[in-house]
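Student: can you look at this prediction? I've put the sequence above it.
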Amino acid sequence: MARVVVDVVLKPEILDPQGQAIVGALDRLGIAGVSDVRQGKHFELEVEDSVDDDALTELADTLLANPVIENFTIHR
Amino acid sequence: MARVVVDVVLKPEILDPQGQAIVGALDRLGIAGVSDVRQGKHFELEVEDSVDDDALTELADTLLANPVIENFTIHR
Amino acid sequence: MPVRVGVVSFPGSLDDRDAMRAVRLAGGDAVPLWHADAALNDVAAVILPGGFSYGDYLRCGAIARFSPVMAAVIDAARDGLPVLGICNGFQVLCEAHLLPGALIRNRLRKFVCKQQRLRVESTASPWTAGYREGEELVIPLKSGEGAYVADERTLDDLEATGRVVVRYLEENPNGSYRNIAGIRNEAGNVLGLMPHPEHAVEALTGPGTDGLRFFLSLTGADAAGLQR
Amino acid sequence: MTANEEIVPNETMVAKQAMGAQQLALDTVEVAERTPDQPQPAAELGLREDEYRRLHEILARRPTSCELAIYSVMWSEHCSYKSSKIHLRQFAEKAPKTDALLVGMGENAGVVDVGDGWAVTFKIESHNHPSYVEPYQGAATGVGGIVRDILTMGARPIAVLDSLRFGPLDAPDTARVLPGVVAGVGGYGNCLGLPNIGGEVSFDECYAGNPLVNALCVGVLRTDAIKLAKGDGPGNLIVLFGARTGGDGIGGASVLASASFEDAKPSKRPAVQVGDPFAEKVLIECCLEIFAADLVVGIQDLGAAGLSCATTELAAAGAGGMDVDLDLVPLRDPTLAPEEILMSESQERMMAVVTPEHLDAFLALCGKWEVTATVIGTVTDTDRLRMRWHGELIVDLPPRTAAQEAPVYRRPVKRPMDQDIWLEHDGHRLPRPRDGADLQRTLLRMVGSPNLADKSWITDQYDRFVLGNTVLAQPEDAGMIRLDEATNRGIAISVDCNSRYTRLDPYAGAQLALAEAYRNVATTGARPLAVSDCLNFGSPEDPGVMWQFAEAVRGLADGCLALGTPVTGGNVSFYNQTGTTPILPTPVVGVLGVIDDVTRRTRTGFGTEGAVIYLLGQTRDEFGGSEWARVVHGFLGGHPPVVDFDRERLLADVLIDSSRDGLIASAHDLAEGGLAQALVESCLLGSAGARVVLPEGQDPFVALFSESAGRALVSVPRTAEERFTNLCSARGLPHARIGVVDVLEIDLDVQGQFAVSLRVLRRAWRGALRARFS
Ligand SMILES: Nc1ncnc2c1ncn2[C@@H]1O[C@H](COP(=O)(O)OP(=O)(O)O)[C@@H](O)[C@H]1O
Ligand SMILES: [Mg+2]
């Protein structure tokens, strides 16, 4: 059993309304020094050691991320 | 300028419909070896070096996460 | 002299006009309040309406709670000003810590719009005085993040102190802990509701008029006198 | 208009061409004059040989790459209607005389006078291809686009409807497309605070690789407040406001960019646009305050062809000239080349023409709503659209030639050989149910079939209460909105189409779609006033498809004339095909009606104890294209039901008058599934049983399942029965007394045939979609 983390983020060229909303809030809160925010998804999986990287990639690509607009990274 | 990552996850005692849905999908797809999934949020911030850890913690604690139901970790 | 009830509009508020209509139908004087000015224009109560303030992209209500008007509402609420948060307004109240717990994604991960059966559990609040305990209501529920969650201690405390105000009947529509649809604070002046009473004030456009008494309770007017 | 739906040019072609293109820093007008023979990727951008040559005539030189970008999108099928124009003309030529029409076709949307100084604008548009690529965002931005069209007319959007078509319910890909599309329609519409009050969902093999997502928006304004897309008054300022411009949906433009912008590979440019409903919501409120303060001369939304379209159309419709400085356009992606900025389909953007003295007030309102607004140019009387980049002139063209004088084609039209075979092979030999038990089995099977089953799994994801004026919404026959709380004046809308009818006979099929939408509106008590249509077809280059298109348009135009309801606007979506197989022709028709007193509306469900059930209209043995033939025999063939517009008008008059005079307790139109389906829905929606006696001397199967048009099912309170039947007799409308409503009864009891409990019916009707998706 191991904890595997998969982070999913919008491709850089894709609009990120969520990140934009946060940037707007930072200004209104007068919080300086943060120039940009992108919001993505963070998955924590309990995975048996038998599951290999290909299987994980497959899983991330089909279930966790939407390849049309998102990229993902796997941390094992 | 530095990239700072903040990951926000639901506290263990709070139910996570999204994570559960993925577990369900795994079964249906016959993907074995993944016993649990929790879904959280992943933020990527462009931060000026002048912003210190306390300021970041403050930001995560008040805006990015809701301490009532979520925990966060900051990766600088 | 009709009671002045403020209705806050945040960017992305949607049911603000409806809340104002409900106040008018209940004989009150609806006063629009803008998120950017801290002035409450000496209203006798405030409604935080439904909608998607700031898109609700981060967390529902998470950004709205920082707006200037909320600073004023939070202070006034601590001094006993009656405050009703509906749907997004309920989420704002939780984010602002005027009410405990939080609202998260529906269990089925879908937006749900339906006529919801509810039971009134407690009437000890200026917004619910007009109802009877145990009374059943039908009021529209329309939300994607309406599941009320809190830790066991908080939930037990809410139950023990009679602060669960309305509960879902029949099938739990969103996975709310203990079927909670609405709660109030200790003092009773602050009420958060997931369902939308302002959409049950006219038989023509809603499932009925079961929601009107939330507003009548506050204005003190009597329904009979007002039916149009 | 919503985002360009046409398939972007083949990317390897694009890439190859990009390599081939001369590496020039910036293709200015001056450079274009110096290098007449430089190869340009006109073909890759979808321009025909002769079209490209025409550009040289217009400009008296080769186009710059930016001009090429502008013309290629403005002359695309999607923007120019070059294949459909000659047919769509009929909508104007055959338009019935009516003084209700304040703004006709050609504007962003038509405007109809509904009385008391109120005007209503509505339009339906498609977002099919994007919804297949990325269901959620495709559908969401489809809603966003049509809402901006309505806003552009100066109206407050007040409701949306959606017409959806998918592959078979059990097809694997439907599980990807349908939930995403539904969540997208809901996610965007709910976040804008627009009630969703109706639509359709249907399933057919032909949509498996090409779903249809058509969205309708309706808005209201005072008759004296109409805004037109017009860039008038030299010296006036061009203001771009709303979202920043990114690389969204520019597809083929990158081929141009790559000539001047090294590492721009098409793959780096997203074809998918992501919607930001919150940005649109504040944009709406901001625009409405700007309109109220009367701060704009003209306004235009940015949809397909973004800036190219907005600038050329505003200029062409106004003083004729415009100077724009592209460097001033606020960018989300600073690496964008001018060609890409011109073609970007980034959402939630608007362009306004503002007089200098109003600019400060305009910007102040944008500031209040935190909407980015930037002056990017001025109106001129030069009759030229000029654009600069880093000070260099990169565009200098006569705007009319891009916006109004696109080439027009008379595409070859040929009735397919096999058309007659479809008609003759009419399935009259298909085995029919023989006895009551057989009929009951058939009924349950039909009620639980995808197209007839309850759609609430979908529609419960849509907010129908917001704004507090929704009088009727799904599953009623039409949606109804109260416009005025003081007078109770309101409107009703329905959208309909049965593409199986249209496949068999495009002319009749389009008319049947119109007839059904018209009937649905009248059923609620509203008087039908006007039409908007969304014509979804295959490739216009296929003569068979073009024949279907021509026939459908002719049928719709003739029908609108016969019913006195003009077409006020709409949208054409071609190239809906999988490989070379086109979808069934799908002309979706939306009908808008007005009702003076919404408290008089008629509902679908039975409710009044003891009310007498009447079947209005005539039932013939009509099963061509029927739901029964599909569900039970998987068969499509024969002639669709006959359309009789005099009968439809008569039926509508009776329904409207009886609802006004309180003669009927409920009304439901008969459509797919016939009387049986209507009875089931009226029972289930009213939670009331019914005892039914089928008309003497008619085959029970035909009585229950025929899909003859011009019919409705009503229930009449006993106290009103005599007045109602007198009304029908006096008007000459066939009316058969077929039963009574029994609120306490738990069955639908078709006497002498079968009795089935509401519980069983409800399980079959509601179960189908839930079983598939939950
Ligand atoms: N995609 C949709 N969005 C909103 N309402 C819908 C949708 N699909 C179907 N409906 C509603 O469900 C009901 C039944 O649809 P339909 O069978 O097409 O009615 P009819 O045949 O009378 O036009 C109608 O009220 C229709 O508006
Ligand atoms: Mg229909």
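Tutor: Thanks, I have it. Ligands and ions are numbered 1, 2, ... in the order given.
Student: what strand or helix carries D:Val31?
Tutor: helix D:29-34 (DSSP states H and E).
Student: right, I mislabeled it, should have said A:Thr73
Tutor: A:Thr73 belongs to strand A:70-75 when elements are defined using DSSP H and E.
Student: for stretch D:408-420, measure first residue to last.
Tutor: End-to-end distance for stretch D:408-420: 31 Å, by Cα to Cα, to the nearest Å.
Student: can you point out the buried residues in that stretch?
Tutor: For stretch D:408-420, the neighbour count (16 or more other Cβ atoms under 10 Å in any protein chain shown) marks D:Tyr409, D:Arg411, D:Val413, D:Gln419 as buried. (Glycine included, C-beta is placed from N, CA and C.)
Student: now whichever residue of chain C sits closest to chain A: how far from D:Gln273?
Tutor: At 3.8 Å from chain A, C:Tyr57 is the closest residue in chain C, using Cβ to the nearest Cβ. According to Cβ to Cβ, to the nearest Å, C:Tyr57 and D:Gln273 sit 17 Å apart.
Student: pick out whichever of those two has more residues nearby.
Tutor: D:Gln273 (29 against 23; other Cβ atoms under 10 Å in any protein chain shown).
Student: leaving out chain neighbours, which residue sits closest to that one?
Tutor: Spatially, and ignoring its direct neighbours in sequence, D:Gln273 is nearest to D:Asp248 (4.2 Å; Cβ to Cβ, 6 or more residues apart in numbering or on different chains).
Student: right, and the one you found touches D:Val274 too?
Tutor: Yes - proximity of D:Asp248 to D:Val274 meets the contact threshold set by Cβ atoms under 8 Å, at 7.2 Å.
Student: is it correct that D:Leu744 falls within a strand?
Tutor: No - read with DSSP: H, G, I helix; E, B strand; the rest coil, D:Leu744 is coil and lies in no strand.
Student: what does the pLDDT read for it?
Tutor: If you check D:Leu744, the pLDDT there is 87.
Student: count the neighbours of it for me.
Tutor: With other Cβ under 10 Å as criterion, D:Leu744 counts 7.
Student: list the contacts for it?
Tutor: For D:Leu744, the contacting residues are D:Glu609, D:Gly689, by Cβ atoms under 8 Å, 6 or more residues apart in numbering or on different chains.
Student: quick one: the helices in the stretch 601-750 of chain D, in order.
Tutor: Applying DSSP state H, counting those that start in this stretch to the stretch 601-750 of chain D gives helices spanning D:627-633, D:645-660, D:674-686, D:700-705, D:718-731.
Student: D:Arg400 and D:Arg759, how far apart?
Tutor: 65 Å.
Student: and the closest residue to chain B within the stretch 651-774 of chain D, what's its pLDDT?
Tutor: In the stretch 651-774 of chain D, the residue that lies nearest chain B is D:Ser774 (11.3 Å; Cβ to the nearest Cβ). Listed pLDDT for D:Ser774 reads 75.
Student: repeat for C:Arg117
Tutor: pLDDT for C:Arg117: 98.
Student: doesn't it lie inside a strand?
Tutor: Yes - with three-state DSSP as the criterion, C:Arg117 is located in a strand.
Student: neighbours of the residue nearest to it when sequence neighbours are not counted, how many?
Tutor: In space, and not counting its chain neighbours, C:Arg117 is closest to C:Leu169: 4.1 Å by Cβ to Cβ, 6+ apart. Residue neighbour count, defined by other Cβ under 10 Å, stands at 15 for C:Leu169.
Student: return the residues of chain D in contact with ligand 1.
Tutor: D:162, D:164, D:196, D:198-201, D:455, D:458-459, D:474-477, D:494, D:496, D:520, D:669, D:671 (Cβ under 6 Å from any ligand atom).
Student: let's see 8 Å
Tutor: Neighbours of ligand 1 within chain D, by Cβ under 8 Å from any ligand atom: D:161-164, D:182, D:185, D:196-202, D:451-452, D:455, D:458-459, D:462, D:473-479, D:494-496, D:516-517, D:520, D:523, D:604, D:668-669, D:671-672, D:681.
Student: now D:Leu331, nearest residue through space, not along the chain?
Tutor: Computed as Cβ to Cβ, 6+ apart, the closest residue to D:Leu331 that is not its neighbour in sequence is D:Thr245, at 5.4 Å.
Student: pretty sure the one you found sits against D:Ala337.
Tutor: No - D:Thr245 is beyond contact range of D:Ala337, at 11.9 Å (criterion: Cβ under 8 Å).
Student: where does the stretch 251-400 of chain D dip in pLDDT?
Tutor: Across the stretch 251-400 of chain D, the ranges flagged by pLDDT under 70 are D:251-271.
Student: skipping its backbone neighbours, what lies nearest residue 36 in space?
Tutor: Picked chain A for this. B:Glu46 (4.1 Å).
Student: looking at chain C here, not the other one
Tutor: C:Pro68 (5.8 Å).
Student: identify the residues contacting that neighbour.
Tutor: C:His35, C:Ala36, C:Asp37, C:Ala38.
Student: look at it and report its pLDDT.
Tutor: At C:Pro68, the model reports a pLDDT of 95.
Student: quick one: it from D:Ile86, how far?
Tutor: In terms of Cβ to Cβ, C:Pro68 sits 58 Å off from D:Ile86.
Student: how about C:Thr209, secondary structure?
Tutor: C:Thr209 - assigned by three-state DSSP - is coil.
Student: closest point of the stretch 151-300 of chain D to chain B, which residue?
Tutor: For the stretch 151-300 of chain D, Cβ to the nearest Cβ, closest residue to chain B: D:Ala175, 10.4 Å.
Student: give the pairing partners of the longest strand along chain A; include direction for each.
Tutor: In chain A, ranked by residue count with DSSP state E as the criterion, the top strand is strand A:34-47. Here strand A:34-47 has these sheet partners by DSSP bridges: strand A:2-10 (antiparallel), strand B:34-47 (antiparallel).
Student: looking at the residue lying closest to D:Ala688 once chain neighbours are set aside now. What's its pLDDT?
Tutor: The shortest distance from D:Ala688 to any non-neighbouring residue, by Cβ to Cβ, 6+ apart, is to D:Phe606 (4.2 Å). On the pLDDT scale, D:Phe606 is placed at 97.
Student: let me see the contact set for the spatially most central residue of chain C.
Tutor: Centroid-nearest residue in chain C, with Cα atoms, centre = their mean: C:Ile86, separated by 2.8 Å. Contacts for C:Ile86 were tallied using Cβ under 8 Å, 6+ apart; they are C:Asp15, C:Ala19, C:Ile47, C:Leu48, C:Pro49, C:Gly50, C:Leu193, C:Pro195, C:His196, C:Pro197, C:Glu198.
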